[in-house]
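Colleague: next one to model:
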Amino acid sequence: MTKFARDEFDRVPQSSSRQGVHRLVASASRPTLWPVLLLGGIALAVGLVAFLILPKLGFTSSRTPQAVVTADASKQSTVASPSANSSAQASSQPSTQPSPSDTPSSTPTPSTAPLDKTAAVAVYNGTTTSGLAARVAGMVQVGGWPLSTVANWGGMPQQTSSVFYKGAAQKGNAEALGKLLGISNLVDSAEFQQPVVVILGPGYK
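Modeller: Coordinates of the predicted model:
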């Protein structure tokens, strides 16, 4: 203890407020944390509300039609799959029924009409070549047909050589005579009395 009596400067208050020039400046007080915690709690509450409550209030309805369309598309694809599988199985199975081309024909089609060389053939010369009708008539007679008329043609001028025949019964004779004489124009006509008529047109040799 000091030998001096205590005075007012020896009494130091408990507070940190400055008194006297020999006192140091008190250290700054620490900031409180409760405002930061309060803001954090509010932000957390807002996040929970947005995550849990807003979807239930219908704020995500804009995505619902897309989900429905996707579900419908998946159902349609599921329904279409069995039909596609059945079609694939049906196509993979071999057919046991014979095709029309594989079935043999019981009635063969004749290649040419029946030939009847008892029908008389008339030969007319429709050109200016003398003796042409007689020469062709000889070829017809050698081919096995009898002759009816051999003469010059007095009707309408002919543009080409032709073989006229009366009806389907004489078609075979017309085809055979056309092949023999080199005449490709065959005409079914009832204009003539003879069953088969050969008219030699311009250019025939």
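
Colleague: show me what the helix or strand containing residue 175 is packed against.
Modeller: Counting by DSSP states H and E, the element that carries residue 175 is helix 171-181. Using 3 or more CB pairs under 8 Å, 6 or more residues apart in numbering; DSSP states H and E as the contact test, the elements touching helix 171-181 are helix 132-142, strand 162-165, strand 186-188, strand 196-200. In this view, the C-beta of every residue, glycine as well, is placed from N, C-alpha and C.

Colleague: JSON lines for those, including mean neighbour count and mean pLDDT?
Modeller: Shown next, in JSON lines, are the helices and strands packed on helix 171-181 (neighbours: other CB atoms under 10 Å; pLDDT from 0 to 100):
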{"stretch": "helix 132-142", "mean neighbour count": "17", "mean pLDDT": "95"}
{"stretch": "strand 162-165", "mean neighbour count": "24", "mean pLDDT": "96"}
{"stretch": "strand 186-188", "mean neighbour count": "13", "mean pLDDT": "95"}
{"stretch": "strand 196-200", "mean neighbour count": "26", "mean pLDDT": "96"}
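
Colleague: nearest to residue 116, of those?
Modeller: Relative to residue 116, the nearest member of the helices and strands packed on helix 171-181 by CB to CB is strand 196-200, separated by 9.7 Å.

Colleague: mind giving me the packing neighbours of the closest one?
Modeller: strand 121-125, helix 132-142, strand 162-165, helix 171-181.

Colleague: what angle separates that strand from helix 132-142?
Modeller: 140 degrees (axes from the mean of the first three to the mean of the last three CA atoms, to 10 degrees).

Colleague: list the neighbouring strands of strand 196-200 plus their orientation.
Modeller: Within its sheet, strand 196-200 is paired with strand 121-125 (parallel), strand 162-165 (antiparallel), according to DSSP bridges.

Colleague: any chance of the helices and strands packed on helix 171-181 in TSV, plus distance to residue 46?
Modeller: Below are those laid out as TSV (distance: least, CB to CB, whole Å):
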stretch	distance to residue 46
helix 132-142	117
strand 162-165	107
strand 186-188	102
strand 196-200	112
